[in-house]
Structure formats: C-alpha cells, structure tokens
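Q: Structure for this input, please:
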Amino acid sequence: MPPKLSNGRALRIVAAARDEFAKRGLAGARVEQIARRAGVNKQLVFYYYHSKRGLFQAVLTQAATELEGALAALALPAGRAQSGAAFAPAIKRLVVLLAEGQGLGQVRDDLDPHLTAAQALVLMVGYLGMESVVAASARPLGADEPALRERWRQAAVELVVAGVAAP
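A: Coordinates of the predicted model:
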C-alpha cells in the first residue's frame, strides 16, 4: 500500500466505503456519505483515491488482501480428500460475495459463483504456493525488492478482480 494510503484517515475512508458499497453498491454509494462516515471532507477522498471507482478498487484490494492473508494462514492438509474440507469455508464465502455482487450488478452475470469461487481460490493459493518457484524461473521477478513483490501480488489480485467485474 502506498504510504499516503496507509495513514489513519485513508484507512477510515476505506472502512466507511466498504460499508457504503456493501449497502448500496458502486452505483448507489455516495462519496459525500463515505466522507461523512470517515470524518473527512470529500476532497480528501478524491486526493487519496482519485475517483469513486478508485475507492471501490481500494476496497476490493483490501478485501482480496485479507482473503490472501487468510489463505496463507491455512495449513494445507496432506491428503487430497481432506484438502476440500480445508477450503470449504473460503469457497462458501467467495460464493456468497460473488452472488451478492451479481445481484448488485458489480459481478458479471455470466459467471457461475461456485465455479468462479473455486477458480479464484486456486489462483490465489497457486500464487502463494508458487511465488518462489516462479521468481527463481524469471530473474526480474526474483529480485528481493519489496516494491516489485508488492506489484506482483497486486497484479494477481487485480487479475481475479478484473475477471469477475461487470462491464
């Protein structure tokens, strides 16, 4: 997260936006209301996030980062039969989020939430599990630079989010 977006005000804005987008969707959410709930002025919201869509992207990115953290914390079971049970809660939560997003017009209607949730989970877990292997295979990605690693992680999140977003 860029330094200007990691301060208390920026984080309050994202928290207020998350609630507002969850209640009203992207189209129904109002930046004025988000600013009021965060205790800041509307101009500061635009300074940090540039647009309502930029703020929505920040909310999605934060949610994806939280999911990534939760998935990274999972201990992968040794047996194939057990592995489905370990991911069931994450898949169920993703199915609900995708279905709600479809109802709000924010997620493509042509997606099957169950299949898409499983695919998104596989992509994120694959990213987490294979990062060092890919980095070793592609020298530019193997640089131990925090900025490069963050861009790589962000690109994985954006790939999933862009793939499900309604036009």
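Q: so where is this protein shaky, pLDDT-wise?
A: 1-5, 68, 70-85, 127-149 (pLDDT under 70).
Q: and the residue nearest in space to the middle of it, what is it in contact with?
A: The centroid of the chain falls nearest to residue 64 when counting by CA atoms, centre = their mean (2.3 Å). Residues in contact with residue 64, defined by CB atoms under 8 Å, 6 or more residues apart in numbering, are 124, 157, 160-161. Every C-beta, even on glycine, is put in place using the N, C-alpha and C of the backbone.
Q: Please spell out which residues along the host helix or strand of it are buried.
A: Assigned by DSSP states H and E, residue 64 belongs to helix 52-73. Within helix 52-73, the residues that qualify as buried are 52, 55-62, 64, 67-68, 71, counting by 16 or more other CB atoms under 10 Å.
Q: Please name the nearest non-neighbouring residue to residue 41.
A: residue 35 (5.8 Å; CB to CB, 6 or more residues apart in numbering).
Q: Quick check, that neighbour in contact with residue 13.
A: Yes. The criterion here is CB atoms under 8 Å, and residue 35 meets it with residue 13 at 7.4 Å.
Q: quick one: which of these two has more around it?
A: Shown here are residue 35 and residue 13; by other CB atoms under 10 Å, residue 13 has more neighbours (26 against 20).
Q: which residue packs closest to the more buried one, ignoring adjacent ones?
A: Using CB to CB, 6+ apart, the nearest residue to residue 13 is residue 38, at 4.4 Å.
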